[in-house]
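Visitor: Structure of the sequence below:
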Amino acid sequence: MEAAVFILSLVDCCALIFLAVYFVITLSDLECDYINARACCSKLNRWVVPELVGQALATVLMLVSLHWFVFLLNLPVATWNMYRVWKVPMGNMGVFDPTEIHNRGQLKSHMKESMIKLGFHLLCFFIYLYSMILALIND
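Guide: Reported below is the predicted structural model:
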């Protein structure tokens, strides 16, 4: 049972790593003017909710399986994702809005956030991998 939880978390984490890399690449394309702001924001907003669901799934899995350390590690990121979605002002296209992404350094802020998430998901990947191997050895 414990190995199955970490295998599912590992697959979920791989998907989140893919999304984080996709966000970094798309934002860097916008920064270099390879795509326009509307196309970039449309692409990124499409993946905000799946990212939220993926992070929430990993967090809930750790809570249900009583892995408190990993749950407490995931909780701030899941909470931040929910806060980010809920704080979108009325009239905006989504978390990434083409009319505001170049204002007040939002592009740099989004890029920094995506890089931090990428690092976090890579850390979680190795934690899940180690825990999965440990669980398989103990079974």
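Visitor: Now do the strand or helix carrying K43: which elements does it pack against?
Guide: Using DSSP states H and E, K43 sits within helix 37-45. In terms of contacts (3 or more CB pairs under 8 Å, 6 or more residues apart in numbering; DSSP states H and E), helix 37-45 is packed against helix 2-31. C-beta here means a position set from N, CA and C on the backbone, and glycine is covered the same way.
Visitor: could you give the angle of the helix it packs on to helix 37-45?
Guide: Per axes from the mean of the first three to the mean of the last three CA atoms, to 10 degrees, the angle that helix 2-31 makes with helix 37-45 is 180 degrees.
Visitor: just checking, V49 touches V88?
Guide: No: under the criterion of CB atoms under 8 Å, V49 is not in contact with V88, lying 11.6 Å apart.
Visitor: what angle do the next helix or strand after the helix holding K43 and helix 2-31 make?
Guide: Downstream of helix 37-45, the first helix or strand assigned by DSSP H and E is helix 48-64. Here helix 48-64 runs at an angle of 150 degrees relative to helix 2-31 (the same axes, to 10 degrees).
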